[in-house]
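Undergrad: Here is a sequence with its predicted model. Questions after.
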Amino acid sequence: MAEAAILGFLQNNESIPDSGNFAAELNLDHEEVKNVIKSLQGFRYIEAKELKRETLVLTDEGKKYAAEGSPEFHFFSAVPEEGSISKDDLEKKLDASVFKIGSTQAAKKKWVAMGKQVSRKVQHVEDKVKESLLLIQQGLELDQESLNSLKTRKLIVTQGWTGYSDVKKGPSYAPKRKIFATDLTRENLQNWKEMGFKEYNFNAKGQPLDAGHLHPLLKVRKQFKDIFCQMGFEEMPTNNFVESSFWNFDALFQPQQHPARDSHDTFFLKAPSTTRELPEDYVERVKQVHESGGYGSRGYNYDWKREEANKNLLRTHTTAVSSRMLYALAKGPFTPKRYFSIDRVFRNEAVDRTHLAEFHQIEGLICDRGLTLGDLIGVLQAFFSRLGMPKLRFKPAYNPYTEPSMEIFSYHEGLEKWVEIGNSGMFRPEMLQPMGLPEDVRVIAWGLSLERPTMILYGIDNIRDLFGHKVDLDLIKRNPICRVGIE
Ligand code: PHE
């Protein structure tokens, strides 16, 4: 309707000077006229200038007075031409609001003398308020003084009005809008001369890919994996979440009464509750070293129980994988090795914003003759420098399977503080010797979680937003590629 009216009008006329008047004359909705002008302007069928005006409109009270007359006029009319009327009688005769407002205004205008008795001061009055309001309703001009008084009495208010002026033909003007083809179909191409084609929008985004997306943990894992590979490490097979207590604890010289072996910290399996087989001669040597030591150690001096070692659990650390690998390595003629793994581990933890009952561990170890603590520190420096964390500090720590042990701290430039990033140490002879590794072989090793660096890299402060059933799928679809500061 409005579109045909505008385009049709411009076919025979130079311009539409005012969209408001145009809409009023043709009995069109001005909002619709405005929308059509905007759209036609976008396609350059027409040109138009924006028009802003302030208009005066009557409030509800103003509309009432315009229709019925002002309260002061009604008040005056109720006072007899001659003589007087008591205020009380007048109040009874009139509407409460007419009496209240009317009496004040009529007195102010000196139309009446107010006292106990009310009488007229003038013979005749004109209802200027009503007249002024009617003029405004018709959109006519009014003197400033009258406007101000109507505004103070809140009978009129100003309202912003927008429309268009100077609406003219544009460079693509046509009396009827062409529908632009958006597809290159056979029919469209056959009629290309008559058709208009929508222009290409080279800034439009592509369709979102309906494909799989990598989780941030997988991206960070790839970065760690690349660094290990660049440094000549081989990946250990980690595809067994279920492990026996033997490989997870006993082989690591962790005594059977150690609190970590309690069900408060470790998930034990109900079925199958025990492991089927262990290498018997090695088990015997492990039992020996726990009970009475050897290889220069005094051992723990307790009664080592096979049943405890047989118990199945969800591995609590990937060092269980390292113990299996070192045992396998010890079986052949010795060759130096660099091993790493990145996989899932489980702990019976109370879940909070930094802890989950399952998470991922990154583990690295080097096995060679004559390694020292200096080698461990040097390797850690090289490893973390490649991750963009060259500033390291070490703090003495304790692990049942390493001596010495060190916690690793790194200076975080963003957080401006030292943060703990991992744990490390040299595997004890009590762990390595029963496996059958040569006496001068040393193993330096370290471990850290994958979640912690991922949270720092992706700015996530609650681990439950990163991993688990509450993770927003959008996080996985939209997270950027991961880059770490390789030096
Ligand atoms: N297993 C240790 C942990 O779970 C990490 C570690 C690995 C410590 C290797 C020392 C040597 O925290």
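TA: Okay, I see it. Numbers count the residues shown, from 1 in each chain.

Undergrad: CA atoms for contacts and neighbours, from now on please.
TA: Noted.

Undergrad: which residues does residue 94 contact?
TA: Residue 94 makes contact with residue 75, according to Cα atoms under 8 Å, 6 or more residues apart in numbering.

Undergrad: One more: residue 339?
TA: Per Cα under 8 Å, 6+ apart, neighbours of residue 339: 233-236, 364-366.

Undergrad: What subset of these is buried?
TA: Buried members of the contacts of residue 339, scored by 16 or more other Cα atoms under 10 Å, are 233-236, 364-366.

Undergrad: Make JSON lines from those and add pLDDT to it.
TA: As requested, these are exported to JSON lines (pLDDT from 0 to 100):
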{"residue": "233", "pLDDT": "98"}
{"residue": "234", "pLDDT": "98"}
{"residue": "235", "pLDDT": "98"}
{"residue": "236", "pLDDT": "98"}
{"residue": "364", "pLDDT": "97"}
{"residue": "365", "pLDDT": "98"}
{"residue": "366", "pLDDT": "98"}
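
Undergrad: Take the contacts of residue 339 and keep only those in strands.
TA: The strands, defined by DSSP state E, take in 234-235, 364-366 from the contacts of residue 339.

Undergrad: So which residues on the chain come close to the ligand?
TA: Within the chain, the positions adjacent to the ligand are 317, 319, 423-425, 445-447 by Cα under 6 Å from any ligand atom.

Undergrad: Beyond the helix or strand harbouring residue 394, next helix or strand please.
TA: Secondary structure here is read from DSSP states H and E; on that basis residue 394 sits in strand 392-399. Using DSSP H and E, the helix or strand that follows strand 392-399 in sequence is strand 402-412.

Undergrad: what's that next one packed up against?
TA: Helices and strands touching strand 402-412, by 3 or more Cα pairs under 8 Å, 6 or more residues apart in numbering; DSSP states H and E, are strand 392-399, strand 417-427.

Undergrad: hey, which of those strands is tucked in deepest?
TA: strand 417-427 (a mean of 20; mean count of other Cα atoms under 10 Å).

Undergrad: C-alpha coordinates for that strand, CSV please?
TA: Extracted C-alpha coordinates of strand 417-427, given in CSV (Å, rounded to 0.1, in the frame of the first residue of the first chain):
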residue,chain,number,x,y,z
LYS,A,417,52.7,-14.4,40.8
TRP,A,418,54.4,-17.8,41.1
VAL,A,419,52.0,-20.6,40.5
GLU,A,420,52.5,-24.3,41.2
ILE,A,421,52.6,-26.1,37.8
GLY,A,422,53.8,-29.6,38.6
ASN,A,423,55.7,-32.2,40.6
SER,A,424,58.9,-34.0,39.8
GLY,A,425,61.7,-36.1,41.1
MET,A,426,64.2,-38.9,40.6
PHE,A,427,62.7,-42.4,41.0
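
Undergrad: That one to strand 402-412, inter-axis angle?
TA: Here the directions of strand 417-427 and strand 402-412 differ by 160 degrees (axes from the mean of the first three to the mean of the last three Cα atoms, to 10 degrees).

Undergrad: Neighbouring strands - and their directions - for strand 417-427?
TA: Pairing partners of strand 417-427, with direction, according to DSSP bridges: strand 402-412 (antiparallel), strand 441-449 (antiparallel).

Undergrad: Which residue is the nearest non-sequential neighbour of residue 106?
TA: residue 72 (5.0 Å; Cα to Cα, 6 or more residues apart in numbering).

Undergrad: Name the SS class of the one you found, please.
TA: Of the three states, residue 72 takes helix under DSSP: H, G, I helix; E, B strand; the rest coil.

Undergrad: again, but for the one 4 residues further on
TA: Secondary structure, three-state DSSP: residue 76 is helix.

Undergrad: Could you provide the helices and strands packed on strand 402-412 in a markdown table, with additional columns for mean pLDDT?
TA: Formatted as a markdown table, the helices and strands packed on strand 402-412 follow (pLDDT from 0 to 100):
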| stretch | mean pLDDT |
| --- | --- |
| strand 392-399 | 96 |
| strand 417-427 | 93 |
